[in-house]
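Asker: Got a predicted structure here, sequence first:
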Amino acid sequence: MKAFLQQLFDYNFYCNKKLIEQCTSLERIPEKSVQLFSHILNAHLVWNQRILGNPTKVDVWQVHDVALWGDMHYDNQRTSFEIITNTDDFAKRVDYENSEGRIFANELKDILYHIVNHSTHHRGQILTDFRSAGLAPEPLDYIFYKR
């Protein structure tokens, strides 16, 4: 489980880094893409903090300047890798409060998988937004990462 999750987060790191690099090279980034990528970063941070039992200091839809994305992304990934590295029981249940104040509990492995899946979902929306704006997005399919 540990190796599988490390590989998923490595893929997530790779894709987000490629997208950040592409965005920083653009003259203008579509507004929806900025909102969606900020959301990816925020949600990743929120989930890391929930796992660690810490309060979150960011709103899930808070928009960040593109210049901050790289550092935020690196911090999120480093924290997730530390969580994975230091965990022996991925079936451990994590209690958390969602953004609407409702209490839930999920297994750690499911939360970690959700972080990557959530990011993939929104990256797909960003790539569609890029195409709509006449931009050619980087190929971020898992198979391209594995080649």
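Answerer: Thanks, I have it.

Asker: in which helix or strand would I find the closest residue to residue 1 other than its chain neighbours?
Answerer: By the measure of Cβ to Cβ, 6 or more residues apart in numbering, the closest residue to residue 1 outside its immediate chain neighbours is residue 90, 4.9 Å from it. Where you see a C-beta, it was placed from the backbone N, CA and C, and this is true even at glycine. When secondary structure is defined by DSSP states H and E, residue 90 falls outside every helix and strand.

Asker: Check the one 10 residues further on too.
Answerer: Using DSSP H and E, residue 100 maps to neither a helix nor a strand.

Asker: do the same with residue 106
Answerer: According to DSSP H and E, residue 106 maps onto strand 103-107.

Asker: Export the least confident helix or strand in the chain by mean pLDDT to PDB, keeping only CA atoms.
Answerer: Taking mean pLDDT, DSSP states H and E as the measure, helix 142-146 is the helix or strand of the chain with the lowest mean score, a mean of 91. In PDB, the C-alpha atoms belonging to helix 142-146 read as follows (Å, rounded to 0.1, in the frame of the first residue of the first chain):
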ATOM      1  CA  TYR A 142      -0.800   8.400 -16.400                       C
ATOM      2  CA  ILE A 143       0.700   6.400 -19.200                       C
ATOM      3  CA  PHE A 144       2.800   9.400 -20.400                       C
ATOM      4  CA  TYR A 145       4.100   9.700 -16.900                       C
ATOM      5  CA  LYS A 146       5.100   6.000 -16.900                       C
END
